[in-house]
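K.L.:
give me the fold of what follows.
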Amino acid sequence: MRAPAGFGRIERWDDARGFGFIVPETSADGAPDRLFVHVRDIERGATRPVVGARVRYVPERQADGRWRAVRVAAVGAASGARAARSRRATAGAAPSSDLRGLWIAIAVWLGLLAFAALSGRLPPLALAALAGLNVLTFAAYALDKHAAQHGRWRTPESQLHLLELLGGWPAAGLAQQVLRHKRAKPAYRRVFVAMIALHLLALALWTFA
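P.N.:
Residues are numbered from 1 along each chain as shown. This is a model prediction of the structure:
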């Protein structure tokens, strides 16, 4: 079964073995975060894939339920070599910036929780519930990552965002970095940041009300 054509970027490419993975620019619930691509599915005459190159492809679901990309071709004015150089130049900066922002947000969160606990507004049971929620959130990310890799039923992004909003966003942020899951999807990341902001705002209003 084939789906409408989409756009993405080469996340990994093993030139010696002739295969790699594409990260879609956008994806709906149930769609894979990464698609397998084999060298034989590169359109004839197209530039050989390089990491960071933007490509157009057609998603195809195989008989075993897994997804792959077919009819793959590079797009855009930039050559594959320039895309690869750009990718290498920014690969370290983006995750580092994301982690820095995440740790700052976690520090603010812990400060608010400590103030609420010391002032008697937050019972120990609530702290235990938050810890459990974060364990659950990390597990949800891990299961979704596993499902994405094996073409199985995915956890809806709306459910992941709900866990983040309720207070599981610290574990979600760490899971994105440790598991390399969801962090390459700008649309998802924007909603994730919004969940952090809404949670911290609600916690601050409740703490100081």
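K.L.:
so the one residue sitting closest to the centre of the chain, which of the three states?
P.N.:
In the chain, the centroid-proximal residue (Cα atoms, centre = their mean) is K182; its distance is 0.5 Å. At K182 the chain is in coil, as set by DSSP: H, G, I helix; E, B strand; the rest coil.
K.L.:
contact partners for it?
P.N.:
Counting by Cβ atoms under 8 Å, 6 or more residues apart in numbering, K182 makes contact with 33, 141, 160, 176, 188-189, 192. Quick note: C-beta positions are derived from backbone N, CA and C, even for glycine.
K.L.:
distance of it from D144?
P.N.:
8 Å (Cβ to Cβ, to the nearest Å).
K.L.:
swap in N134?
P.N.:
For N134, the distance to D144 - Cβ to Cβ - is 16 Å.
K.L.:
so which of these two has more stuff around it?
P.N.:
Shown here are N134 and D144; by other Cβ atoms under 10 Å, D144 has more neighbours (23 against 19).
K.L.:
so the more buried one touches H181, yeah?
P.N.:
Yes - D144 lies in contact with H181 (Cβ atoms under 8 Å); the separation is 6.9 Å.
K.L.:
hmm, who's touching stretch 20-38?
P.N.:
3, 6-14, 18-19, 49, 51, 55, 57, 59, 66-70, 72, 145, 148-149, 151, 153-154, 156-158, 181-182, 184-187.
K.L.:
show the buried residues in these.
P.N.:
Neighbour counting with 16 or more other Cβ atoms under 10 Å marks 6, 8-11, 13, 19, 49, 51, 55, 57, 59, 67-70, 72, 145, 148, 151, 154, 157, 181-182, 184-185 as buried within the contacts of stretch 20-38.
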